[in-house]
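Novice: predicted coordinates and the sequence they were generated for:
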Amino acid sequence: MFKIKANRPYTKWNKQQNPFVATRIKIGILLLVGVIAGLTISFFIDQIYRTQLQNRSVSFALSINASDVSRLKNQALADDQVPYADTKLKLSELKDVYEDSRFVYIMDKKGDDVRFLADSEAVGSEYYSPRLQKYEQSTPELISMFTSGKPMLEGPVTDTYGVWYSSLAPIRDESGAIVAVIGVDVPAARYLATIGGIGFLIFLIAIIWSILIYFYDRQRNRRFEAFRLQVELMSIASHELRTPLSGIRWGQEVLLGGKLDETQEAMTRAMYDSTLQLQESIEDILQLASIGSNKSKQSVRIPVDISELIDATTKVQQLPAQQKEITFEYDPSWKAPIMVDGDATQLRRVFNNLVSNAIKYASIGSQITMLYEYQETNHLIIIKNKGIGVPQKELAHIFDGFYRATNAIEKQVNGTGMGLYLSRQTVEQHGGKLWIESVENESTTAYVSLPLAKHVDTSIVGSNK
């Protein structure tokens with residue numbers, strides 16, 4: 001029975017990677033951006049709308065005949081003796097030009113009183129204001145219009161008719177004197193809905209996105225917890241299996257090196273192949289657990305000689321290579337030592353995986369070649385084999401977790417599909433790059449680029465192996 005150690009890393013891991021904390025931050029930022037964006041857009045729409053309303057009242061004022069307005073101010077004349085009906089019709093037509101206009105009216109000022117001269121409402125309606133009727137609720141801004149003559153927008157203004165934003169402009173005669181003031185009223189609710197609608201829509205979108213992010217992250221958190229638990233359980237089991245499995249493999253190698261009859265050798269080789277496959281799976285699981293628990297960030301970086309790691313790997317892989325009559329060859333370009341700063345255990349797994357793959361997918365009786373290229377800031381290690389290769393259309397997917405090329409599956413080559421994924425993760429954590437070039441049914445070449453070790457005498461880099 002497996003025993004779970006008291007200091008398992010999953011508690012610390014769980015605290016370090018609490019997705020809900022990140023979710024709250026994301027939602028907070030998103031809502032803040034939504035508020036700021038909404039207010040900013042509302043501000044600009046307000047400025048645009050104000051300008052449009054002011055321009056509207058100015059254009060209306062220019063369309064009114066000033067002499068007709070002057071006659072409307074004559075209190076001695078009856079409505080049918082002045083162009084009252086025509087002016088009201090004109091104002092009604094102007095109101096209908098814009099959907100948001102509720103009232104259009106003309107006012108003058110006599111003494112301290114502001115009076116209606118005409119409006120756009122039908123005679124007898126609830127909102128109709130008779131000619132020369134005093135407007136009791138005139139504001140200081142409206143009164144100042146009759147002297148300043150400066151177009152303006154005021155509001156929200158509340159009177160007996162409702163709550164309005166009023167755009168006002170002077171009506172001038174030919175001499176430029178102010179005859180009256182024309183006003184265009186827009187309901188405050190309509191005005192605020194216009195300037196705030198788009199801003200609120202943006203904020204609403206931010207709310208919707210926040211809800212989606214919350215539920216997405218919540219689901220992701222559940223998957224994360226399930227994955228974490230699986231990795232922990234697999235890691236515990238793998239640690240417990242690693243030591244006895246190494247002993248089994250050693251015993252099988254001793255048996256294969258002795259005298260066995262044909263049947264015994266076949267059975268022992270089958271067991272040995274299964275042991276190798278199981279060891280590879282265990283190493284993949286342990287490396288996956290290491291990456292998932294952020295152990296790689298805590299690993300110590302020390303000078304490591306890659307050439308020694310590859311030498312050790314080829315010795316470990318000697319027996320499976322002999323089974324396929326495969327030999328290892330070092331190209332004249334190969335150098336030693338190849339010093340990098342890294343975690344020797346992790347890098348050993350990388351090159352063990354690459355060499356193991358080179359053997360598994362190589363043709364019987366072929367060679368695996370090791371090459372080297374010195375770059376200004378990096379070592380480039382190249383491992384090349386001749387074998388089944390990778391279909392071109394699948395080459396982009398071979399670093400995806402659990403992905404296996406179709407030709408490897410068809411030829412029943414054993415593997416988990418995690419080796420290259422984990423190897424690339426490790427190499428990138430060391431500041432390097434790993435990529436594959438391949439031609440189906442011809443060859444596969446693995447390239448590993450790793451930064452030069454710091455504080456290492458570069459004069460020793462470049463000596464032949």
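Specialist: In hand now; what should we look at? Numbering: from 1, shown residues only.
Novice: three-state assignment of the closest residue to residue 79 other than its chain neighbours?
Specialist: Spatial nearest neighbour of residue 79, chain neighbours left out: residue 131 (5.9 Å); criterion: CB to CB, 6 or more residues apart in numbering. Yep, even glycine has a C-beta here, placed from its N, CA and C like the rest. Of the three states, residue 131 takes coil under DSSP: H, G, I helix; E, B strand; the rest coil.
Novice: can you pull the contacts of residue 131?
Specialist: Counting by CB atoms under 8 Å, 6 or more residues apart in numbering, residue 131 touches 72, 79, 84, 116-118.
Novice: residue 330: neighbour count?
Specialist: 18 (other CB atoms under 10 Å).
Novice: no, scratch that, I was asking about residue 445
Specialist: By other CB under 10 Å, neighbour count at residue 445 equals 17.
Novice: and the next element down the chain from whichever strand or helix holds residue 385?
Specialist: Here residue 385, judged by DSSP states H and E, is contained in strand 378-386. In the C-terminal direction, the helix or strand that comes right after strand 378-386 (DSSP H and E) is helix 406-410.
Novice: what's in contact with that next one?
Specialist: 361, 388-391, 394, 415, 440.
Novice: which element follows that helix toward the C-terminus?
Specialist: Per DSSP H and E, the first helix or strand lying C-terminal to helix 406-410 is helix 419-429.
Novice: check which helices and strands that next one is in contact with.
Specialist: When contacts are defined as 3 or more CB pairs under 8 Å, 6 or more residues apart in numbering; DSSP states H and E, helix 419-429 packs onto helix 262-292, helix 295-298, helix 344-360, strand 433-439, strand 443-451.
Novice: out of the ones you listed, which is the most enclosed?
Specialist: By mean neighbour count, with neighbours taken as mean count of other CB atoms under 10 Å, helix 344-360 ranks first of these at a mean of 22.
Novice: count of residues packed around residue 78?
Specialist: 10.
Novice: repeat for residue 406
Specialist: Neighbour count for residue 406, taken as other CB under 10 Å: 11.
Novice: now swap in residue 409 and tell me
Specialist: For residue 409, using other CB under 10 Å, the count is 11.
Novice: same thing with the one 10 residues further on?
Specialist: The local packing count at residue 419 equals 24, with neighbours defined by other CB under 10 Å.
Novice: now swap in residue 164 and tell me
Specialist: Neighbours of residue 164 (other CB under 10 Å): 23.
Novice: on that earlier part again, CA atoms only: put the strand holding residue 385 into CSV for me.
Specialist: What follows is strand 378-386, C-alpha atoms only, in CSV (Å, rounded to 0.1, in the frame of the first residue of the first chain):
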residue,chain,number,x,y,z
ASN,A,378,23.9,29.1,-27.4
HIS,A,379,24.9,25.5,-27.9
LEU,A,380,23.0,23.7,-30.6
ILE,A,381,22.8,19.9,-30.1
ILE,A,382,21.5,17.9,-33.0
ILE,A,383,20.3,14.3,-32.8
LYS,A,384,19.5,12.7,-36.2
ASN,A,385,18.2,9.3,-37.2
LYS,A,386,17.0,7.5,-40.3
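Novice: what's that strand packed up against?
Specialist: Using 3+ CB pairs under 8 Å, 6+ apart: strand 378-386 touches helix 306-316, helix 344-360, strand 367-374, strand 443-451.
Novice: next one: residue 422 from residue 349, what distance?
Specialist: To residue 349, residue 422 is 8 Å away according to CB to CB, to the nearest Å.
Novice: let me fix that, I meant to ask about residue 171.
Specialist: To residue 349, residue 171 is 88 Å away according to CB to CB.
Novice: distance from the chain centre to the longest helix seen in the chain, please.
Specialist: Of all the segments assigned as helix in the chain under DSSP state H, the longest by residue count is helix 188-257. In this view, helix 188-257 has its centroid 15 Å away from the chain centroid, taken as CA atoms, centre = their mean, to the nearest Å.
Novice: okay, the contacts of residue 131 in JSON lines with distance to residue 163, pLDDT and neighbour count next?
Specialist: Shown next, in JSON lines, are the contacts of residue 131 (distance: CB to CB, whole Å; pLDDT from 0 to 100; neighbours: other CB atoms under 10 Å):
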{"residue": "72", "distance to residue 163": "28", "pLDDT": "92", "neighbour count": "24"}
{"residue": "79", "distance to residue 163": "30", "pLDDT": "89", "neighbour count": "15"}
{"residue": "84", "distance to residue 163": "28", "pLDDT": "92", "neighbour count": "20"}
{"residue": "116", "distance to residue 163": "19", "pLDDT": "93", "neighbour count": "19"}
{"residue": "117", "distance to residue 163": "24", "pLDDT": "94", "neighbour count": "28"}
{"residue": "118", "distance to residue 163": "23", "pLDDT": "93", "neighbour count": "31"}
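Novice: need the max-distance pair from those residues.
Specialist: Within the contacts of residue 131, 79 and 116 form the most distant pair, 12.2 Å apart (CB to CB).
Novice: could you give the backbone dihedrals for the nearest residue to residue 73 once chain neighbours are set aside?
Specialist: Nearest residue to residue 73, sequence neighbours excluded (CB to CB, 6+ apart): residue 108, at 5.4 Å. Backbone torsions for residue 108, taken as degrees, to the nearest 10, come to phi -130, psi 180.
Novice: residue 108 touches residue 179, doesn't it?
Specialist: Yes. With contact defined as CB atoms under 8 Å, residue 108 counts as touching residue 179 (7.4 Å).
Novice: higher neighbour count, these two?
Specialist: Between residue 108 and residue 179, residue 179 has the larger neighbour count (other CB under 10 Å), namely 23 against 20.
Novice: for the strand or helix carrying the more buried one, packing partners?
Specialist: Using DSSP H and E, residue 179 sits in strand 178-187. If contacts are counted by 3+ CB pairs under 8 Å, 6+ apart, strand 178-187 sits against helix 19-63, helix 66-72, strand 103-110, helix 140-148, strand 162-172.
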